[in-house]
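In: okay, predicted coordinates and the sequence, questions at the end:
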Amino acid sequence: MSELRPAPWITRDSSFFWEAAKRCELVAQRCTGCGKLRQPPRPMCPFCNSVEREEQVLSGKGTVYTWVMPRYPVIPGFEDGRIVVVIDLAEGIRMVSNLCDIAYEDVTREMCVEVFFEEAQDGFKIPLFRPASV
């Protein structure tokens with residue numbers, strides 16, 4: 001890819017996620033009220049409505065739940081033909097990302113994947129996934 005991906009939009013609720021990504025760590029919010037993980041980051045727990053939360057480091061391993069290859073004009077910093085996936089993370093939550101290092105026709109449901117981090121603008125890193133090395 002010739003251009004870096006754009007920097008993410010940072011909010012009060014997502015800043016911890018992007019700071020962890022700079023350290024090449026995949027994290028999620030854990031509600032301190034009910035103990036459930038949630039992704040994407042948000043101000044209130046959708047299960048118990050608590051606003052108390054903590055950061056949980058994730059394994060970065062998961063399986064493909066579903067995938068699609070969008071067909072619209074290329075956005076600067078994004079490859080043409082990128083695969084958008086929903087990943088079932090090992091910790092029991094889902095995450096939307098891109099799947100790299102594989103052809104679209106080779107992707108399968110429940111394929112094992114692992115996270116890696118790609119440089120983005122302004123010093124940020126973006127969590128992406130690729131087929132897991134066995």
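Out: That came in fine, so what should we check first?
In: okay, CA-based contacts and neighbour counts for the rest of this
Out: Will do.
In: where exactly do the helices run in the chain?
Out: Assignment of helices within the chain using DSSP state H yields the ranges 15-22.
In: dead centre of it: give me the residue that sits there.
Out: Compute the mean C-alpha point of the chain, and by C-alpha atoms, centre = their mean the closest residue is residue 97, 4.7 Å away.
In: next up, the contacts around it.
Out: With C-alpha atoms under 8 Å, 6 or more residues apart in numbering as the criterion, the residues that contact residue 97 are 84-87, 127-129.
In: I'd like to know how far it sits from residue 89.
Out: Taken as C-alpha to C-alpha, to the nearest Å, the spacing of residue 97 relative to residue 89 amounts to 11 Å.
In: over to residue 107?
Out: Distance, residue 107 to residue 89, by C-alpha to C-alpha: 17 Å.
In: these two: who's more crowded?
Out: Set residue 107 next to residue 89 and count neighbours by other C-alpha atoms under 10 Å: residue 89 wins out with 21 against 17.
In: residue 65 is in contact with that one, correct?
Out: No - with contacts counted by C-alpha atoms under 8 Å, residue 89 stays clear of residue 65, the gap being 9.5 Å.
In: buried stuff in stretch 103-114?
Out: By neighbour count, and taking 16 or more other C-alpha atoms under 10 Å as the criterion, the buried residues in stretch 103-114 are 104, 107, 112-114.
In: pLDDT at residue 1, what is it?
Out: Residue 1 is assigned a pLDDT of 47 by the prediction.
In: hang on, isn't residue 109 packed against residue 62?
Out: No - with contacts counted by C-alpha under 8 Å, residue 109 stays clear of residue 62, the gap being 11.3 Å.
In: thinking again about what came up before, check the buried residues of stretch 103-114 against residue 26 and report the nearest one.
Out: Using C-alpha to C-alpha, residue 114 is the member of the buried residues of stretch 103-114 that lies nearest residue 26, at 10.6 Å.
In: any idea how far residue 34 is from the nearest residue to that closest one once chain neighbours are set aside?
Out: Here the nearest residue to residue 114 in space, its sequence neighbours aside, is residue 61; by C-alpha to C-alpha, 6 or more residues apart in numbering that works out to 4.5 Å. Here residue 61 is placed at a distance of 24 Å from residue 34 (C-alpha to C-alpha).
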